[in-house]
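1. Turn this into a structure:
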Amino acid sequence: MTLIDSHCHLDAAVYDADREAVIRRARDAGVECMVAIGSGDGPPDLEAGLRLAAAYDFIYATAGVHPHDASKATEETWSRLAD
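-> Below you'll find the predicted structure:
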């Protein structure tokens, strides 16, 4: 069986101190692939998930604005998201 974490927030500040260990524990537990939800801390950090995907070949990324942060989005936010 292939285990995939299809919605993880590895970019969250709560993991700043031990992000590498969290990722390693998931892999050791059999998680083969992860999808990092790239909301970061909301706009302006839409690239949070992309940075993780660039660093690990088994992490993929999405980018977007969480509905809770939609009021913080600007025209620049939407332009960067489209890019």
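
2. going forward, measure contacts and count neighbours with C-alpha atoms only.
-> Fine.

3. On the three-state scheme, residue 7 is what?
-> Three-state call for residue 7 (DSSP: H, G, I helix; E, B strand; the rest coil): strand.

4. Show the contacting residues for it.
-> Residues counted as contacts of residue 7 (Cα atoms under 8 Å, 6 or more residues apart in numbering) are 34, 35, 36, 37.

5. possible to save the residues you listed as a markdown table with distance to residue 18, neighbour count and pLDDT?
-> What follows is the contacts of residue 7, written out as a markdown table (distance: Cα to Cα, whole Å; neighbours: other Cα atoms under 10 Å; pLDDT from 0 to 100):
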| residue | distance to residue 18 | neighbour count | pLDDT |
| --- | --- | --- | --- |
| 34 | 17 | 24 | 97 |
| 35 | 18 | 20 | 95 |
| 36 | 16 | 25 | 91 |
| 37 | 18 | 26 | 85 |
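
6. need the strands for the chain, in chain order.
-> 3-8, 31-38, 59-63 (DSSP state E).

7. which of those is buried the deepest?
-> For the strands of the chain, the largest average neighbour count (mean count of other Cα atoms under 10 Å) is found in strand 31-38, namely a mean of 22.

8. Does anything pack onto that one? Which helices or strands?
-> Helices and strands touching strand 31-38, by 3 or more Cα pairs under 8 Å, 6 or more residues apart in numbering; DSSP states H and E, are strand 3-8, helix 48-55, strand 59-63.

9. mind listing what it pairs with, with the direction of each?
-> Using DSSP bridges, the strands paired with strand 31-38 are strand 3-8 (parallel), strand 59-63 (parallel).

10. Could you tell me the angle between the lengthiest helix in the chain and strand 3-8?
-> Criterion DSSP state H: the longest helix present in the chain is helix 19-28. For helix 19-28 against strand 3-8, the angle by axes from the mean of the first three to the mean of the last three Cα atoms, to 10 degrees is 140 degrees.
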